[in-house]
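Visitor: just a sequence and a predicted model for now, questions to come.
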Amino acid sequence: MQFWHDLLTRQVEQRPNAAALRDSLGVSWSFRELADASAASAEVLTDAGVRPGDRVLVLSENCCAVVATLMAISQLGAIAVPVNARMSADEVDKILSHAEPKVILCSSQVSEPARRHAERLKATEVHGKFGQFHMAVQDGGSRDAPAEVAVLLYTTGTTGAPKGVMLSHGNLLFGGRASAELRDMQPGDLVYGVLPMTHVFGLASVMTAALFAGAEVWLEARFSAENLYQALRAGVTRLAAVPQMHALVMQYAKEQGLEKLGSTSLQYVSSGAAPLDPDWKRRAEAFYGVALQNGYGMTEATAGICATRNSSLGNPDISTGPPLPGVEVRISQGVAGGGDGLGEVQLRGPNVMLGYYKNPEETDKVLDAQGWLSSGDIGRLDERGFLHIEGRSKELIIRGGFNIFPPEVEAALNAHPKVVQSAVVGRLVKGDEEVIAFVEASPAGALDAEELGDFVKSQLVAYKCPSHIVITEKLPAAPTGKILKHQLLQHFAQELG
C-alpha cells in the first residue's frame with residue numbers, strides 16, 4: 001500500500017534541495033527541510049500519544065507548518081482532520097464531538113482565530129523545526145476508521161450534524177497525480193496556494209498535486225486580491241482558484257487602471273467550484289492572457305471529476321470538460337430538472353470517498369454497492385462526452401412550474417460591466433417560489449437595482465428574471481472565496497423586508 005507521505009519521500013530522494021514551500025510568515029523550505037520539519041512534528045505527536053488510527057484535528061490557516069504536520073500524521077498512520085480556524089466555536093465543537101481526536105493542533109503562529117480556539121481549548125504552545133503550534137491532548141475515541149483513511153474532511157454549508165468525508169491514501173494519491181498531470185505541473189513551477197488546505201480543492205488539487213510534481217507552493221493564509229495580483233506578477237506559473245477570486249483580482253487591477261495582468265510567467269489558470277458563463281470567461285482570458293480552464297469536483301470525489309484542456313484563448317466551451325482518466329460519469333434521469341438530457345450527475349472511480357465517518361446511513365444514500373456516487377448536481381453530457389453542470393438539485397428554483405437554474409441568471413447579472421459577482425437563490429412565497437438576486441457591484445453606489453433589473457430583462461425570459469435584487473459592497477463568502485448562498489436570505493433579511 002502506498003501512502004500520502006510517500007510523495008514527499010520521493011521528492012527528497014530526487015530533488016532534496018529544490019524549493020518546496022514558502023508562506024506569508026516568510027518561511028521558505030526545500031523538500032529536505034520540509035521532511036525534517038515533518039519528522040520533528042511526528043516526534044511531538046508521538047510523545048503526545050498519537051498512534052495509528054487516532055485522529056489529529058488541525059485547526060488552521062495555510063502555512064508551511066501545516067503541510068509538515070499533515071505529512072507527519074500520515075507517517076504515523078494517524079488520520080488528519082483539517083478544520084478551518086475561522087469556523088465558530090460551535091461549529092468546531094460539533095466536529096470535535098464527532099471526530100473524537102487524540103490531539104488538537106492550532107496554527108496559532110499564522111492565525112488569530114486559531115489562537116482564540118487554542119485559548120478556549122486550553123492548548124499549550126509547542127515549538128520545533130516545523131514552527132509553532134498550540135496543542136491540546138485529549139482522550140481520543142476508538143480507532144474505528146478503516147486503515148486506508150488518511151484524511152477526514154468535514155463538509156460545510158449544511159445544517160445539522162457534520163459529515164466527515166473519509167478520503168483514503170489512494171484517493172489523495174490519485175487526486176494529486178490527476179491534478180498535477182492536468183495542469184502540467186513540473187519541478188520549478190510556482191503554484192499559488194491560497195485555497196485553504198482545510199478544503200479538498202486546496203488540499204488535493206493544489207498541495208498534493210504540487211508534492212506529486214515536485215513544484216513549489218506559495219502558501220497564503222487568507223485571500224487578498226492585492227496579494228494575488230502581486231504574486232502573479234512575481235513569478236507564479238500555476239493558478240487554481242474559484243470564480244469569486246478571479247473576479248476580485250480583476251476588479252483590483254481595474255481599480256489600479258490596468259485591464260491586463262501583464263505576467264510573463266503565468267502559464268495555467270483554472271476555475272472551479274461554480275459554473276462559468278461565456279462573457280465572464282472571455283473577460284478573464286483577456287485579463288490573464290492565457291486560456292481559462294474549467295473543472296468540476298466535490299469533497300466526496302477528492303476534488304477532481306472533470307476538467308477542460310483548452311489550448312487557445314477564446315474557446316467558447318464552458319463545459320467542465322471530459323471525466324479525468326479512470327473516472328466514469330453518467331446522468332441519472334428521473335430527478336428534479338430532468339428532460340433535455342438533464343439529470344443527476346453520478347460518478348465512480350479511484351477518486352470516490354470510502355464513505356462518511358460513523359455514518360453508514362448517509363453513506364448509503366449517496367454511494368451504491370457498485371461504487372456509483374450521487375453528486376446532488378444537475379448536469380448533462382454533450383455529444384463529445386463533456387459534462388455541463390446546470391446547478392445543484394437543492395438550488396433548483398421552480399417558479400410557476402418552470403425550472404430555473406441559478407447559474408443562468410447569475411451569468412446574465414455578471415454580464416453587466418459594474419457587477420463584480422452575483423448569487424441567485426429561491427425564496428418560497430405562497431404557492432410558488434421567487435427568484436432573489438444578490439449582487440456585489442463596483443464602484444460602490446454606481447449601480448441601482450432598477451438599472452440592473454432592466455439589463456437582465458433584455459437577456460432572460462420573464463419568469464427567470466429576479467423578483468428582488470439586493471446590491472451590496474460585499475457578499476458573505478467561505479474561506480475558499482465561494483459565496484455562502486445558504487446564508488444570503490438571512491444575512492440580507494432587512495434589505496428584503
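Guide: Arrived safely.

Visitor: in the protein, where is pLDDT below threshold?
Guide: Scanning the chain for pLDDT under 70 picks out 156-161, 273-275, 334-340, 400-402, 430-431, 444-445, 480.

Visitor: tell me the domain ranges of it?
Guide: With domains defined by automatic domain parsing, the chain comprises 6-170, 223-393, 396-496.

Visitor: among these, which is nearest V217?
Guide: Ranking the domains of the chain by proximity to V217 (CB to CB) places domain 6-170 first, at 5.5 Å. For the C-beta atoms, the positions are set from N, CA and C on the backbone; glycine is no exception.

Visitor: return the distance of the closest one from the chain's centre.
Guide: Mean-position distance between domain 6-170 and its chain equals 18 Å (CA atoms, centre = their mean, to the nearest Å).

Visitor: how about the strands in the stretch 151-300 of the chain?
Guide: 164-168, 190-193, 216-219, 238-241, 268-271, 292-296 (DSSP state E, counting those that start in this stretch).

Visitor: any chance of the domains of the chain in CSV, plus distance to A210 and mean neighbour count?
Guide: Below are the domains of the chain laid out as CSV (distance: least, CB to CB, whole Å; neighbours: other CB atoms under 10 Å):
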stretch, distance to A210, mean neighbour count
domain 6-170, 8, 20
domain 223-393, 8, 19
domain 396-496, 18, 17
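
Visitor: of all those domains, which one is nearest S205?
Guide: Each of the domains of the chain has some distance to S205 by CB to CB; the shortest is domain 223-393, at 4.6 Å.

Visitor: sorry, back to before: how about the strands of the stretch 151-300 of the chain in a markdown table, adding distance to A303?
Guide: A markdown table is the format used below for the strands of the stretch 151-300 of the chain (distance: least, CB to CB, whole Å):
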| stretch | distance to A303 |
| --- | --- |
| strand 164-168 | 10 |
| strand 190-193 | 14 |
| strand 216-219 | 15 |
| strand 238-241 | 10 |
| strand 268-271 | 11 |
| strand 292-296 | 9 |
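
Visitor: what's H388 sitting at in phi/psi?
Guide: Here is the backbone geometry of H388 (degrees, to the nearest 10): phi -110, psi 120.

Visitor: send the alpha carbons of the helix or strand where I436 lies over as PDB?
Guide: Using DSSP states H and E, I436 maps to strand 432-441. The C-alpha trace of strand 432-441 is given here as PDB (Å, rounded to 0.1, in the frame of the first residue of the first chain):
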ATOM      1  CA  ASP A 432     -44.700  29.400  -5.600                       C
ATOM      2  CA  GLU A 433     -41.000  30.300  -5.500                       C
ATOM      3  CA  GLU A 434     -39.500  33.600  -6.400                       C
ATOM      4  CA  VAL A 435     -36.000  34.500  -7.700                       C
ATOM      5  CA  ILE A 436     -33.800  36.600  -5.500                       C
ATOM      6  CA  ALA A 437     -30.500  38.100  -6.700                       C
ATOM      7  CA  PHE A 438     -27.600  39.300  -4.500                       C
ATOM      8  CA  VAL A 439     -25.100  41.400  -6.400                       C
ATOM      9  CA  GLU A 440     -21.600  42.800  -5.500                       C
ATOM     10  CA  ALA A 441     -21.000  45.900  -7.500                       C
END
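
Visitor: and A147, which of the strands of the stretch 151-300 of the chain is closest to it?
Guide: A147 lies closest to strand 164-168 among the strands of the stretch 151-300 of the chain, at 9.2 Å (CB to CB).

Visitor: what pairs with the closest one, parallel or antiparallel?
Guide: Take DSSP bridges as the rule and strand 164-168 pairs in its sheet with strand 149-154 (antiparallel), strand 355-356 (antiparallel).

Visitor: so what touches it?
Guide: Contact partners of strand 164-168, identified using CB atoms under 8 Å, 6 or more residues apart in numbering, comprise 81, 95, 98-99, 145-146, 148-155, 200, 204, 299-300, 302, 353-359.

Visitor: could you do stretch 146-157 as well?
Guide: So stretch 146-157 is in contact with 1, 3-4, 52-53, 55, 74, 77, 79-83, 95, 98-99, 145, 162-172, 198-200, 203, 299, 354, 357, 478, 484-486, going by CB under 8 Å, 6+ apart.

Visitor: and with 6 Å instead?
Guide: Residues outside stretch 146-157 that contact it (CB atoms under 6 Å, 6 or more residues apart in numbering) are 4, 74, 79-81, 95, 162-169, 172, 200, 299, 354, 357, 486.

Visitor: kindly report the same for stretch 306-324.
Guide: In contact with stretch 306-324 (CB under 6 Å, 6+ apart) are residues 178, 182, 276, 278, 285, 291, 293-296, 304, 329, 385-389.
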